[in-house]
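K.L.:
show me the folded form of this:
(2 chains)
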Amino acid sequence: MTKKLLMANEAFAHAALEAGVRVVAGYPGTPSSELIETVARLHAEGRAHGVHVEWSTNEKAALELLAGASYAGARCLFTCKQVGLNVASDALMSLNYVGVKGGLVLYVADDPGPISSQTEQDTRRFGDFAKVPVLDPSTPEEGFAMIKEAFELSERHGTPVIVRPTTRICHASTFFDVQDETHARPLPEEGFQKNPKWIIFPRRAYEAHDEIFNRLRMIQDEACKDGLSQFNTVIEVAPGMRFDEAARLTGSQFLARKDAEGEYSDVLEWEGTPRFDFETQDGPHVGIVAGGVSAAYVREALRHLERNQAEEGLQLPAYRFLQIGTPFPFPKELVRAFLDGLDCVVVYEELDNVLEDGLLRTMGEHGIRCQIMGSSCGLRYRGENSTKEILGSLKSFMAAFADADMAHYAHCPGDGSPLVENVDALLPVRPPVLCAGCPHRGSFYAVKRALGKREAVPCGDIGCYTLGNAAPLNAVDTCLCMGAGITMAQGFSVVESDKKQVAFVGDSTFFASGLTGIANAVYNGHDITVCVLDNATTAMTGAQPHPGTGVTLMGERRKPIDIEGVLRALGVECIVGADPLDLQGSIDAAAEAIGFEGPSAIIFRSPCVQLKKPDPVLHVKQELCTGCKKCITEIGCPAIGFSAEAQGARSKDRGQAFIDPGQCNGCGLCVQVCPFAAIQKEADHD
Amino acid sequence: MINILLVGVGGQGTVLAAKVLAQAAQSKGWQVRTAETIGMAQRGGSVVSHVRMGSEGEPVHAPLVAPETADAIIAFEPGEAVRSLPYLKKTGAVVTAKAVVQPVTAALSTKPYRTEDVIEALGAALAESGGKLEVVDAAPFLEELGNRRALNTVLLASAVARGAVPLTVDELKEAIRACVKPRFIEMNLAAVDAVADR
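P.N.:
Residues are numbered from 1 along each chain as shown, chains lettered A, B, ... in the order given. This is a model prediction of the structure:
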């Protein structure tokens, strides 16, 4: 055992390996990617024995591969971001009917905000739709325990299980005790056993549907009283008591009890010290329900409230807190007991109102009267919660529904007036941009130049090159989902045949979901030009290898799949190649492909700037720069700035461009754009 | 509770700096949580790393620092320091690199984005609030070290030297040894010494 500072995604990799996982597969996507990378690193270091880890071509390929491995008894882990599950959903929906043998856990990371995603979809809802259990951690430590428990749960019931953290869990770090070496659990001796249940016929699906229904009921039971209930914490807090103290005393355990007939009784049973002396004290009348990272924010907010009340010589009223880590199936009996005696409950969760709906449904089924404050009362239905927002909301809630005296509440953090007024006037916005020296910049610029005045619809895709939409390139007009640029361009070509349709796609995206679109263009004869921006990596998510690189996570080097060969085999007749850092060559190549009637392709090849040694830094020669700003307005490289004060022989009082040596990678694109040869290598510099 | 924000521009190295602080806090026996900006914003956008230390033995629940609760903001770019000021405690400290990093949006605009203006605004804001401001001209250190990547360590060391974070120079060095890739340890320790000796 070693204590280590780990990002949650890294820690979860350790958890899976410690649980004996044998096959790990997925597709990169923020905020999920580091898990697989950690498994690969531990394998490469010789510390994770017996594990197979891979980046699959896409999420569907990964999950189907794992289905096979699971049928043979291996413990399997799938990883993706929330939208990745859309790609794998065809496999998941059926797999849940077929069931699994070796534990199969889907690690699906949601992204409220969204911070780095195209949707704010809620995987807890997806679990409900697919009828797959979902665990939802509120801290990295809880996620660590959930990953391990998920494998047990999966095997106990033969069901896939989703562990669904959000970005603030995935990318939070803390210290973990992890095993120095791990071994994949041995495979069962009998291996894969033939059985009609592995074949999903309609009749079998009808039977399986019943099995799913029954196992979800059992899992719902476990979430109330057995092992899974460790993730559903109830804490009862007496008037004036500190929440952290109450949490420590109750041992965070809540037990619902069945009576002789096997029905749940309404009696609450507490582990640890009882919270109330009911002879002298009233039980709580208000409750707080939270899930995911919102539960951590509630704990922080309560600490602020307690401190403030104490400073005023006041105290918080009694309340009951419930943290739900098993949102699906919803722990109804536990919630029913939680609601006992409560008049009003406030619910904090991010994305969809899953917990709120669960509460309302439970109340409806049992005829419980209680007011539920959630998204319908103005709480968030999108974006991220925060300690600040929850503090403000809890303060009002306690005052309105628990008669708390909040009149003296001094100051909520974040209520103060800003130290700098009008920050927007002082500071320019700083959105993400293509890196200095990024080869995509040259590709976009060359295509724009080749198109000239010709009307065109440039369709973008998912990856770094989405950033081609920003000024001054303005080179991307659409972005929908993985691979969609190629197929959307065909739709435009059908209805706007007077324009030229150009689709930009990255090398990893090309393999993940571009091939079917290319086949469609050739088959149906759509006049589009596909620009493959081949930077030899999956750049946006942190440089993962893919089929076009030939490098695998198991440390093998295979023959890379040749993009040009694939295009040719699919029937694309006009294919040209270009180095995007060679501007004229790229413009010529683009002009040729764009001029071709029918599907054509340009492959722009140049490695991601993050992966190569920078070339010597470039400089703006003061005596040559005229201050025309063309290097800035044409290509928008973050290494090129403009100084209104700088002066030279030819710039008069226009100011001059300058190059930040801390950012320049010496790609040389600006040298080819400057009409006055004012940008030069250091060696040429005076 | 000690709350620290590390802010800057994607690629400047806030993530490693947060790790170093977390390691140092752990060595003191404190619970610690950090949160990072990872993903699209890392491509030259504004980035923030949060570090929270339970310096009184209390549990740390949330990974993110709440507004007006940061004891220190360590900024790798002064404009990003301004952007993050709503997080600063009234009596908190700002330790910032002096030089602005001009984004493309600024280069395209006719409105200048200048170091002097930003530092002036920071100074005025902190003079009014009663907070502390330390402006670090990192350029001479980086030149001396011959490595632009040492900016994060230069700033961490400055924050420690000024007492903006509750760590000693030795505790910082110890944490650097534990967190930094072996081939960069010496360079980073040299950066700490360069700042501490100044």
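K.L.:
does any bit of the helix or strand of chain B with the lowest mean pLDDT sit next to chain A?
P.N.:
Among the helical and strand segments of chain B, the one scoring lowest on mean pLDDT, DSSP states H and E is helix B:139-145, with a mean of 91. No - Helix B:139-145 is not in contact with chain A by C-beta under 8 Å from any C-beta of the partner chain; minimum separation 8.5 Å. Placement of C-beta: from N, CA and C, glycine included.
K.L.:
that helix - contacts with which helices or strands?
P.N.:
Secondary-structure packing of helix B:139-145 (3 or more C-beta pairs under 8 Å, 6 or more residues apart in numbering or on different chains; DSSP states H and E): helix B:151-161, helix B:182-197.
K.L.:
how far out from the middle of the chain is the last one?
P.N.:
Chain-centre distance of helix B:182-197: 16 Å, with C-alpha atoms, centre = their mean, to the nearest Å.
K.L.:
that one and chain A in contact?
P.N.:
No - Helix B:182-197 lies apart from chain A when judged by C-beta under 8 Å from any C-beta; the minimum separation is 14.4 Å.
K.L.:
checking residue 74 next. Helix, strand or coil?
P.N.:
Let's take chain A. coil (DSSP: H, G, I helix; E, B strand; the rest coil).
K.L.:
not quite, I wanted chain B
P.N.:
Applying three-state DSSP: B:Ile74 is strand.
K.L.:
thought A:Cys479 was touching A:Thr466?
P.N.:
Yes - contact criterion C-beta atoms under 8 Å: A:Cys479 and A:Thr466 qualify, at 5.1 Å.
K.L.:
mind listing what's buried along the least confident helix or strand of chain B?
P.N.:
B:Phe141, B:Leu142, B:Leu145 (16 or more other C-beta atoms under 10 Å in any protein chain shown).
K.L.:
just the pLDDT for the residue nearest the centre of chain B.
P.N.:
Residue closest to the average C-alpha location in chain B (C-alpha atoms, centre = their mean): B:Ile74, at 2.6 Å. Listed pLDDT for B:Ile74 reads 98.
K.L.:
quickly list what it is bridged to.
P.N.:
B:Leu6, B:Val95 (DSSP bridges).
K.L.:
would you put the C-alpha positions of whichever strand or helix holds A:Met218 in CSV?
P.N.:
If you go by DSSP states H and E, A:Met218 is part of helix A:202-225. The C-alpha trace of helix A:202-225 is given here as CSV (Å, rounded to 0.1, in the frame of the first residue of the first chain):
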residue,chain,number,x,y,z
PRO,A,202,-37.7,-11.3,-29.4
ARG,A,203,-39.1,-14.2,-27.2
ARG,A,204,-36.0,-14.1,-25.1
ALA,A,205,-36.2,-10.4,-24.8
TYR,A,206,-39.7,-10.6,-23.4
GLU,A,207,-38.4,-13.1,-20.7
ALA,A,208,-35.3,-11.0,-20.0
HIS,A,209,-37.4,-7.9,-19.5
ASP,A,210,-39.1,-9.6,-16.6
GLU,A,211,-35.7,-10.6,-15.2
ILE,A,212,-34.5,-7.0,-15.4
PHE,A,213,-37.7,-5.8,-13.6
ASN,A,214,-37.1,-8.3,-10.8
ARG,A,215,-33.4,-7.6,-10.4
LEU,A,216,-34.0,-3.9,-10.2
ARG,A,217,-36.4,-4.5,-7.4
MET,A,218,-33.8,-6.5,-5.6
ILE,A,219,-31.1,-3.8,-6.1
GLN,A,220,-33.6,-1.2,-4.9
ASP,A,221,-33.9,-3.3,-1.7
GLU,A,222,-30.1,-3.5,-1.3
ALA,A,223,-29.8,0.3,-1.7
CYS,A,224,-32.1,0.6,1.3
LYS,A,225,-30.7,-1.8,3.8
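K.L.:
what residues sit buried inside it?
P.N.:
A:Ala208, A:Ile212, A:Arg215, A:Leu216, A:Ile219, A:Gln220, A:Asp221, A:Glu222, A:Ala223, A:Cys224, A:Lys225.
K.L.:
contact residues of the stretch 151-300 of chain A facing chain B?
P.N.:
Residues of the stretch 151-300 of chain A lying near chain B (C-beta under 8 Å from any C-beta): A:168-169, A:171-175, A:244, A:293, A:296-297, A:299-300.
K.L.:
the same query, at a cut-off of 6 Å, please.
P.N.:
A:Arg168, A:His171, A:Ala172, A:Ser173, A:Thr174, A:Phe175, A:Ala296, A:Tyr297, A:Arg299, A:Glu300 (C-beta under 6 Å from any C-beta of the partner chain).
K.L.:
please, a ChimeraX command that selects the buried ones among those residues?
P.N.:
Of these, the buried ones can be selected in ChimeraX as follows, counting by 16+ other C-beta under 10 Å:
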select /A:168,171,172,173,174,175,296,297,299,300
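K.L.:
for the residue in the stretch 401-550 of chain A positioned nearest to chain B, what are its contacts?
P.N.:
The stretch 401-550 of chain A approaches chain B most closely through A:Gly414 (3.3 Å), counting by C-beta to the nearest C-beta. When contacts are counted by C-beta atoms under 6 Å, 6 or more residues apart in numbering or on different chains, A:Gly414 touches A:Lys388, B:Pro67, B:Glu68.
K.L.:
quick one: the last one and B:Thr91, what's the gap?
P.N.:
For B:Glu68, the distance to B:Thr91 equals 11 Å [C-beta to C-beta, to the nearest Å].
K.L.:
so between these two, which is more surrounded?
P.N.:
B:Glu68 (21 against 10; other C-beta atoms under 10 Å in any protein chain shown).
K.L.:
tell me the SS of A:Val108?
P.N.:
Going by three-state DSSP: A:Val108 is strand.
K.L.:
I'd say it and A:Leu85 touch.
P.N.:
Yes - A:Val108 is in contact with A:Leu85 according to C-beta atoms under 6 Å; the separation is 5.1 Å.
K.L.:
more neighbours: those two, which one.
P.N.:
Remark: of A:Val108 and A:Leu85, A:Val108 carries more neighbours, 28 against 25, as counted by other C-beta under 10 Å.
K.L.:
partners of that one in the sheet?
P.N.:
A:Cys80.
K.L.:
residue contacts, it?
P.N.:
A:Cys80, A:Leu85, A:Thr123, A:Ile162, A:Arg164.
K.L.:
what is the neighbour count of residue 49?
P.N.:
Went with chain A since none was named. 12.
K.L.:
I was after chain B.
P.N.:
27.
K.L.:
what is the mean pLDDT for the host helix or strand of it?
P.N.:
Applying DSSP H and E as the criterion places B:Ser49 in strand B:46-53. For strand B:46-53, the mean per-residue pLDDT is 96.
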